[in-house]
Each structure stands twice: as C-alpha cells, then as structure tokens.
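J.: give me the fold of what follows.
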Amino acid sequence: MNPRRWAELTLCWLLVTPGANADDAKALPDRLVLFADRDDADSDGVPDAEGARVDAAVTATLLELHNPNAELVRATGGGVRLLGDSKALPASHRAKRFFLQGVAPGPAELRIGKRSIALQVLGVGVEDRAGRFIDPARSHASISRSLPRALQQSNQERDDDMLRIVVAGPRADLPERLHVVSVDQAARPLDRLGDVALTDIPCPSSFPQQQCRATPFIRASSDDIDRSHPDAAAASLRAEVGGRIIVSRAGASVVSLRVGGPRISAVGALDRYRATLRVHLMRQAPGGAPPIGGTDAAARALIHADVRAAAGIWGQCGISFGSEADVPVQVVDPPKPFMVAIGCERGLPASGGTLRLLVDDRSVALTTQPGDSPRKVAHALSSALVAAGFSTQLSPNPRTVSGAMPTYDVLVTRRDGSRATLSSVGPLSSDPTLEACLGVVELSDGLTHFSDFTASAGTVEERALIRAVADDDPATIEVIVIPSFARTGRIGESFIYADGGSIRNVVIIDRAALVAGARSYTLAHELGHIFLDMPGHPDDYGVDRPSDLMDADAADPTIFGPRRLSVAECERAQRQSGAKAPLPLLSHWPLIRAR
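T.: Residues are numbered from 1 along each chain as shown. Take a look at the predicted model:
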C-alpha cells in the first residue's frame, strides 16, 4: 500500500476508534502528515497553535496518542508541540497520554522512547476571490449574497464571500481531497459537500518555496434553494451565522471557520448580531384554532420554521435571532375591547356633545366643548376614568395624511393591572365632528390594515391588536400572525421607527405569508423594513431587482426570487438599528468570546 495512504488510514483509525489503547503509538507509521493548527476551535480569538490555555474544543481536533509505559516523548523541529488536556507540555516529556499539534509548516520529528516518527506539517490558508487571505482565528466566513457566477448577467460581479482552502507543502504530502461540512450554532450537522477535489495552483507569497493545492471556491448559502441550484450545488453548502464550516481529511481537522456577516463594509467587519423577536399566533375567535397548522403545536412548528428561514436570509448581514428557545411563541385569543380611540383616524376637533362609555358595565360620561382637540378630550376622559376607579394609559398617534390633528388612544385597565372591558349602548359620541371608536378586534372578516394615508398611525383595529400583545421593551420586535387581512393582496406589513408613530417595531403577517414561504420570504422582508427603518422599497424609485429581498412585489420560488441583501443594506441596518441608532434593535453577539 502507498505509505502516505497508510498514514491517512492509520490517522483516521486513531481519531475515530473509541477507547484507543496502548498499541496506539506502535500502530503509527514511520511518517505522519499534519496540518498547521491556525484556526480557533475554542473561540478565544487566538490561533490554537499559539494558545497557552487548552480545552476540549481544541484537543478534539488533534491526534491523541497513548504511551502507557510513560516512555520519554520528544518533539523536535519546531513545527509541532505536545499538549495535555489543559496545557502545553514541554517538548521533552514523560507522558502516558498526549496530543500532537501542528504549529508551523515544515518538517519535524516525534520520538517515543526509541521509536522515531518523521512529521511533515502542511501550511493551511483561507483565500477569498480577491486573493485576500482570511485569518481563521480572528475573522470568519460569510454567507454569499450573489447569484452563482453562471447565472449573473455580468461576469464583472465578484462574490468576495466565496472562499477556498489552500494547502502548502511538499507535493508528495499534499492531499488530493478534503471533506467539507457545516454545523449550526449548536454544533449540530447542517449540511455537507463531502469530499472535494483539490487542484494544483501557484503558491501565494505567504507560502514561499512550497507547492500548493486548493479547493474550488466554496459558497456559503442562506437556504436550500440557493444551495441546490445545479450551477451552484457542487461548491455550495448551507451555513448559519454562529455556526461553522469545517474542513477535514481522514477525520483530522484541517481548518474550522466561524460564520458571520460581511467581513468588509463601510462600518467595519460585521460578525454576529442578535435581534429579539416575540411571536403571537392570533386565533380567529376565542378558544378557536390557531391561524395556521390546525393545532397549537403544529402552528408553533410552522412559525419557528419561518423564523429560521428569515434568520437564514438576514444571516447575510450577520443577524441572528438566537436559538428556537430564544424566540417565545404564544397562541392567544383576540383581545376584548379595552381601548377607545379619540378622533378615530381623522382627528377632527369637537363641536360639542357627549361621550358615553361602558367600562366593565359601569357608565362613564364626558361632555365635550366646541373646539376641544382630541388630545384635550382624551386627557379629560382619562381623568373621568381614574375618578371611576380605573387606570389609564394615553397613547398619542401621529396625524395621518388626511387627518386634521393627531388622535389619542386611551387604554383602560383595572387597578390590579388586568384589562377592563369596554362597550357602549348606542353611539359612543354624540359630538357631530369628534369621533370616538372602540378598539374592536374582529378577525372573522380579516384585519383592517392601514393605507398609504394612515400608515404612520395604523387603523384603530391594528392599534388595539398590537397594544394588547406588545411588551414594554422598545428593543423587542413583536411578530403577530393573523388568519388574514381584510382585503386581498396584502400578506404582511410593518410599523417602523421612521414613521414617528407610537407603534414601532411590529410585524403583522397572515397565514398566506407562511404558505408563500420562499416565494416571497414575507417575514424576512417585513423585518427588513424595521432593521433598515425604510418605509418604501428600492424599486419604488429605482431599477426593479426581483432577486433582492426588499423588492416591492417579487414572488418567485426559484434561486432568482427575493432572498438577497447587499452589503449597503447590511451597513444601513447597522446605522438604523445597531448600537448607535436612536433605538437599538441589534445587540452585538461576538463570535469570539471574551478572554
């Protein structure tokens, strides 16, 4: 058998056979090939070969040897070092068990008692399409945001997110194939390319006087459709922000790359950021079925799948929503009326009249005077409700395009904090101009949604729904899933900071959005309005690009569908929702842990 192949097989046996025993050292061939361990398995930002501290994440990638008679072990040549379970060992040491780690390219020698084993450490590099080398310990891989090259209209577009693995050393020792897999943020298997063939390339300047081979450029994809297209499948695999792409040979790790956001942007390298979502699945009627799935468990599974898909898309910007446990999902009944809107949606001043409201069947009345504004009436009604033994919260709404003045919502609760129930006998207001509307949520006929004229405030029904489920944390994004909207053609909407309203950072989608899935990525799109703080769409005033996530009207289940985010959009998300934004929604979640 070819001696090099025997070394590979023996190395594989040593790494994957449980309970390796005293014969380990005797089973080794006279020559072993290792790889310089320049990645960062323990995520401390230091190349493993330089780390003084050693933990199980590092040793799990190394060759473990047993030396039961504690014969003297010596490593010479400088290219390797001996490790124990928690620290580096002296180069000459009596150890019953140790790990062998490649440190720098070049020849070395391992002696176990009188036995001599020749070592060759190969150099490993990670290179992008621009020829830049990526430090696997301090940087990361990123998810591709471009169509595969064969599908691009212009071959001038370069996908700098693609990476290839370069191996350097004597030609006889260079591997012919490497194994490539990806894992998610919990280290669970996600996808695999399997064995990938290497080709000879001219060595870059970082590997002088060496021979080099490299894998093809590999794309990290955001979803299965992008990953599986025939023009991309051979060199693509699914990846997840916070996960890893792992390259190995014969069971031995070659390099492990964390996955994050764009490495190069106008706001610096973007690694990983967390957004906090809370999901509310709204039943059509109290005690009824959830809006999708038939059962509460099935509905939760479907929305978690949609959240994962949205996270995959926003992974292009390094944005994650955490694990499934980090995204609480509640199945809830539509709320009973507990809000009254003064001015409704038009905000006209009073002409004089009476407001009559039943609060838990207790009558509360208020007389309005000519010229009273919605604000003045709302404050007066709040005082009357407090005098009647209730608690209130006033919430102003911005003036709509067609409104005269801002309107005000009065939220009524009992003294114990529970929501009161509002009703009326006859019209709420006898005032001929000043309207008052109960916040009734009636989903059997669909949710009445805002128009271009009322987008800043939303409809009374939307405001009542949102205020019934929203928490007090402005950095939380509320996601509400309803059975349907009142008119066809809409499957999702969002309330954003830029509108200046009292309702912000809320997404409402219906069951049609979940059914559409990858045709439109509705949840990811609506979250985009919030992260980008952008009410419109790029194609509203520019070139139509249906493969962009934020395209206004794209719906396409193929690789050409709306799933791509540009680096410029990632930069905008950081400016509008990052740490320096007026209302930060994205908290930095470093890929490298603090030391």
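J.: which parts of the top strand by length along the chain are buried?
T.: Criterion DSSP state E: the longest strand present in the chain is strand 115-128. Buried residues in strand 115-128, counted by 16 or more other C-beta atoms under 10 Å: 117, 119, 120, 121, 122, 123, 124, 125, 126, 127, 128. In this view, the C-beta of every residue, glycine as well, is placed from N, C-alpha and C.
J.: distance of the fourth one from residue 243?
T.: So that's residue 121. Per C-beta to C-beta, to the nearest Å, residue 121 is found 28 Å from residue 243.
J.: so which elements touch the longest strand of the chain?
T.: Judged by 3 or more C-beta pairs under 8 Å, 6 or more residues apart in numbering; DSSP states H and E, strand 115-128 is in contact with strand 31-35, strand 106-112, strand 163-169, strand 252-260.
J.: need the ones you listed in TSV (columns: distance to residue 299 and mean neighbour count).
T.: Formatted as TSV, the helices and strands packed on strand 115-128 follow (distance: least, C-beta to C-beta, whole Å; neighbours: other C-beta atoms under 10 Å):
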stretch	distance to residue 299	mean neighbour count
strand 31-35	47	22
strand 106-112	59	18
strand 163-169	39	24
strand 252-260	30	24
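J.: next, format those strands as JSON lines and append distance to residue 196 and mean pLDDT.
T.: What follows is the helices and strands packed on strand 115-128, written out as JSON lines (distance: least, C-beta to C-beta, whole Å; pLDDT from 0 to 100):
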{"stretch": "strand 31-35", "distance to residue 196": "15", "mean pLDDT": "94"}
{"stretch": "strand 106-112", "distance to residue 196": "25", "mean pLDDT": "95"}
{"stretch": "strand 163-169", "distance to residue 196": "9", "mean pLDDT": "97"}
{"stretch": "strand 252-260", "distance to residue 196": "11", "mean pLDDT": "95"}
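J.: how about CSV for those strands, with distance to residue 341 added?
T.: Conversion of these to CSV gives the following (distance: least, C-beta to C-beta, whole Å):
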stretch, distance to residue 341
strand 31-35, 67
strand 106-112, 76
strand 163-169, 55
strand 252-260, 45
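J.: count of neighbours near residue 284?
T.: Neighbour count for residue 284, taken as other C-beta atoms under 10 Å: 18.
J.: quick test: name the residue nearest the centre of this structure.
T.: Ranked by distance to the mean C-alpha position of the chain (C-alpha atoms, centre = their mean), the top residue is residue 320 at 2.1 Å.
J.: hmm, it is touching residue 312, no?
T.: No: the pair residue 320 / residue 312 is not scored as a contact, 9.8 Å apart, by C-beta atoms under 8 Å.
J.: secondary structure class of residue 308, three-state.
T.: Look at residue 308: counting by DSSP: H, G, I helix; E, B strand; the rest coil, its state is helix.
J.: ok, the residue nearest to it when sequence neighbours are not counted - contacts?
T.: Excluding its sequence neighbours, the residue lying closest to residue 308 (C-beta to C-beta, 6 or more residues apart in numbering) is residue 324, at 7.8 Å. Going by C-beta atoms under 8 Å, 6 or more residues apart in numbering, residue 324 touches 304, 307, 308.
J.: can you show me the helices along the stretch 401-550 of the chain?
T.: Counting by DSSP state H, counting those that start in this stretch, the stretch 401-550 of the chain has helices at residues 460-469, 511-516, 522-532.
J.: could I get those helices as a markdown table with distance to residue 167, mean pLDDT and mean neighbour count?
T.: Listed next are those as a markdown table, based on distance: least, C-beta to C-beta, whole Å; pLDDT from 0 to 100; neighbours: other C-beta atoms under 10 Å:
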| stretch | distance to residue 167 | mean pLDDT | mean neighbour count |
| --- | --- | --- | --- |
| helix 460-469 | 54 | 94 | 23 |
| helix 511-516 | 44 | 93 | 19 |
| helix 522-532 | 37 | 96 | 25 |
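J.: quickly find the element holding residue 193.
T.: strand 189-197 (DSSP states H and E).
J.: and that strand, average pLDDT?
T.: What strand 189-197 shows for mean pLDDT is 96.
J.: okay, angle between that strand and strand 163-169 too, please.
T.: Put simply, strand 189-197 runs at 50 degrees to strand 163-169, going by axes from the mean of the first three to the mean of the last three C-alpha atoms, to 10 degrees.
J.: show me what strand 189-197 is packed against.
T.: With contacts taken as 3+ C-beta pairs under 8 Å, 6+ apart, strand 189-197 sits against strand 177-183, strand 236-238.
J.: buried stuff in the longest one?
T.: Counting neighbours by 16+ other C-beta under 10 Å, one finds that the buried residues in strand 177-183 are 178, 179, 180, 181, 182, 183.
J.: the second one and residue 245 touch, don't they?
T.: Okay, so that is residue 179. No: using C-beta under 8 Å, residue 179 is not in contact with residue 245, being 11.4 Å away.
J.: burial count for residue 375?
T.: By other C-beta under 10 Å, the residues close to residue 375 number 17.
J.: wait, a strand at it?
T.: No: going by three-state DSSP, the assignment for residue 375 is helix, not a strand.
J.: what about the strands in the stretch 201-350 of the chain?
T.: For the stretch 201-350 of the chain, applying DSSP state E, counting those that start in this stretch gives strands covering 211-214, 219-221, 236-238, 244-249, 252-260, 273-274, 276-282, 319-320, 329-332, 339-342.
J.: and residue 464, how far from residue 441?
T.: Using C-beta to C-beta, residue 464 is found at 5 Å from residue 441.
J.: my error: substitute residue 419 in the last question.
T.: 12 Å.
J.: kindly report the same for residue 292.
T.: Separation of residue 292 from residue 441 (C-beta to C-beta): 18 Å.
J.: what's the answer for residue 348, then?
T.: 24 Å.
J.: which of these two has more neighbours?
T.: With neighbours defined as other C-beta under 10 Å, residue 348 and residue 441 compare such that residue 441 has more, 22 against 18.
J.: tell me the contacts of that one?
T.: Residues near residue 441 by C-beta under 8 Å, 6+ apart: 334, 335, 337, 447, 461, 464, 465, 468.
J.: again with residue 528
T.: Residue 528 makes contact with 314, 534, 549, 550, 565, 569, according to C-beta under 8 Å, 6+ apart.
J.: from these, which is closest to residue 166?
T.: Residue 166 lies nearest to residue 565 out of the contacts of residue 528, by C-beta to C-beta, at 28.5 Å.
J.: for that closest one, phi and psi?
T.: When read as degrees, to the nearest 10, the backbone of residue 565 gives phi -120, psi 140.
J.: number of nearby residues for the closest residue to it other than its chain neighbours?
T.: Leaving aside its chain neighbours, residue 565 sits nearest to residue 316 (4.5 Å; criterion: C-beta to C-beta, 6+ apart). If you count neighbours by other C-beta under 10 Å, residue 316 ends up with 26.
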